[in-house]
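>>> need coordinates for the following:
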Amino acid sequence: MSLPSADPTLPASQVDVALPSRLDPPRGAGRAQPGAGGSEDRKLPWRDTLKVYLEPATLRMLALGFSAGLPLLLVLGTLSFRLREAGIDRATIGFLSWVGLAYAFKWVWAPLVDRLPLPPLTTLLGRRRGWLLFAQGLVVAGLVGMALNDPRDGLHPLVWCALLAAFGSATQDIALDAFRIESAATRKQAALAAAYQTGYRLAMIWAGAGVLWVAAWAEASDAAGYQNAAWRTAYLVMAASMSVGVLTVLLSPEPAPRVLAPTKNAAEWLQSVLIEPFADFIRRYKWQAALILSLIAIYRISDVVMGIMANPFYVDMGFTKDEVATVSKIFGVIMTLVGAFVGGVLSMRFGVMRVLMLGAVLSAASNLLFAWLATRGHDLRALVAVVSADNLAGGIASAAFIAYLSSLTNINYSATQYALFSSMMLLLPKFIAGYSGVFVDSYGYSTFFTATALLGVPVLVLVALASRARTASEKG
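Numbers count the residues shown, from 1 in each chain. You can find the predicted model right below:
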């Protein structure tokens, strides 16, 4: 199964490589990340650049990226496959995708995750790891609830459990983004981003292809149609898979705690926690802030809007769970890993802005391949080709985008600012995606996929403008 829905949230990571100078804030603003200096701008030899992928911090990001990526499809993409198989209409499935708006509003509670302790977990594990473990517990509870509810008996209980899992997942993203950004110097951020993205994509494939494979394996051979018992087994297996992230949190060191300035009263606390992170971003980037935020808001719009209807499309085209799972398991995994690795390496060597442009072009073009696939019917070879191309494009785009977002944050407000960026990435696309089922019912899949590709055209314009503005600011 292709994984075009959004990672986003994109989901963010970092590594031990020199980010290009074009990732610096405007001249005179000062660098937001620690470890700045001339050594950050020099290119590392290829051997040293690749060796960072074996460092403990990078391997931790691989495992934590898996934990972050696992819930996304289970409350969105894979859930849409399950609902369509259960006979739920496309329009309802489209509107239920608004569960994903929990990710788009996580900036609301990000300041609390960034600053407040969480007794007794903070005492036992530290602020970042304590919040991570709490969030992972919410995800597990939500997935277990989704496993135990049959959509044919009513959607409300299942939707509430999906909201719980989405809220926990969004909270995990907030804490994990801060954990990652505070765990390494600026020059390592691009490599950590690639490792995080690899783990994230592997989890999406497990939550997309793996859950279908488990559900198909658990089906009774003498029964036909929708079998809720098989889906219950599959979702319980997914809940157990969160143990990868739980164990990593328990075994990881807490980043060095930042000393927070004491506040005298509630008004001062609100100023430092809620207002200052956003004001800091505006001060550093001035007029460029509007351009940067606009780019963030629509960069993944083609993938997010298209992704909601991907699984209903597979069902309606007659592809079985085994076929979709097998294609994703083999070709999707390979091309996703290649894309994430290529995107990370190219970003480190040639600059994130150039790879952002490449990723935007490839992401839109891969949607046109789905429009072509809609004319082929049940064609397994065509599905393999389209899934492979889509995962390659998504891996390249996501690795560059995550590195770009990480470079924009101030270390003092890492959780809040990154939550703002990743939330903005989903807000408009998720809202539009809610109407995707209505659009497909009216115009068909081929027209829908073509329309989502055209949504990527404004992205190319904004990447070009942001790149030009950054170059101009560097020249002073």
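>>> could you pull up phi and psi at residue 221?
Comment: the main-chain dihedrals of residue 221 come out as phi -70, psi -20, following degrees, to the nearest 10.
>>> how many neighbours does it have?
Residue 221 is flanked by 5 other residues according to other CB atoms under 10 Å. Where you see a C-beta, it was placed from the backbone N, CA and C, and this is true even at glycine.
>>> and if you look at residue 247?
That count, for residue 247 with other CB under 10 Å as the rule, works out to 12.
>>> tell me which helix or strand it sits in.
Assessed by DSSP states H and E, residue 247 sits inside helix 243-251.
>>> I'd like the average pLDDT over that helix.
Helix 243-251 shows a mean pLDDT of 92 in the predicted model.
>>> show me how far it is from its chain's centre.
19 Å (CA atoms, centre = their mean, to the nearest Å).
>>> what sits closest to residue 311 if chain neighbours are left out?
Nearest in space to residue 311, with sequence neighbours left out and distances taken as CB to CB, 6 or more residues apart in numbering, is residue 81 at 3.6 Å.
>>> residue 81 against residue 316, yeah?
No. Residue 81 lies out of contact with residue 316 (CB atoms under 8 Å); the separation is 10.8 Å.
>>> which one's more surrounded, those two?
Taking neighbours as other CB under 10 Å, residue 81 and residue 316 compare with residue 81 leading, 25 against 14.
>>> picking up where we left off before, so where does the residue nearest to residue 311 fall, helix or strand?
Assigned by DSSP H and E, residue 81 falls in helix 77-85.
>>> list the helices and strands the helix or strand that that helix is followed by packs on?
Note on helix 77-85: by DSSP H and E, the next helix or strand toward the C-terminus is helix 90-96. Applying 3 or more CB pairs under 8 Å, 6 or more residues apart in numbering; DSSP states H and E, one finds that helix 90-96 contacts helix 77-85, helix 436-443.
>>> in the chain, which helix is the longest?
helix 380-407 (DSSP state H).
>>> buried residues in it, which are they?
Within helix 380-407, the residues scored as buried using 16 or more other CB atoms under 10 Å are 383-384, 386-407.
>>> could you do stretch 418-429 as well?
418, 419, 420, 421, 422, 423, 424, 425, 426, 429.
>>> what mean pLDDT does the longest helix of the chain have?
Per-residue scores along helix 380-407 average to 86.
>>> could you name the helices and strands sitting against it?
helix 189-205, helix 321-327, helix 333-350, helix 352-373, helix 414-433.
>>> got the angle for it vs helix 414-433?
For helix 380-407 against helix 414-433, the angle by axes from the mean of the first three to the mean of the last three CA atoms, to 10 degrees is 140 degrees.
>>> tell me what angle helix 380-407 forms with helix 189-205.
Using the same axes, to 10 degrees: helix 380-407 against helix 189-205 is 140 degrees.
>>> so which residue of this protein lies furthest out from the middle?
The centre of the chain is farthest from one residue, residue 222, which by CA atoms, centre = their mean lies 38.7 Å away.
>>> host element of it?
Short version, using DSSP H and E: residue 222 is in no helix or strand.
>>> now it: how far from residue 102?
39 Å (CB to CB, to the nearest Å).
>>> can you check residue 126 too?
Look at residue 126 and residue 102: by CB to CB, they are 25 Å apart.
>>> of those two, who's got more company?
Per other CB under 10 Å, whichever of residue 126 and residue 102 has more neighbours is residue 102, with 23 against 19.
>>> return the most buried member of the helices and strands packed on helix 90-96.
helix 77-85 (a mean of 25; mean count of other CB atoms under 10 Å).
>>> contact partners of that one?
If you take CB atoms under 8 Å, 6 or more residues apart in numbering as the criterion, helix 77-85 is touched by 1, 3, 5, 73, 90, 92-93, 96-97, 146, 151, 162, 207-208, 211-212, 215, 226, 231, 307-312, 314-316, 321, 324.
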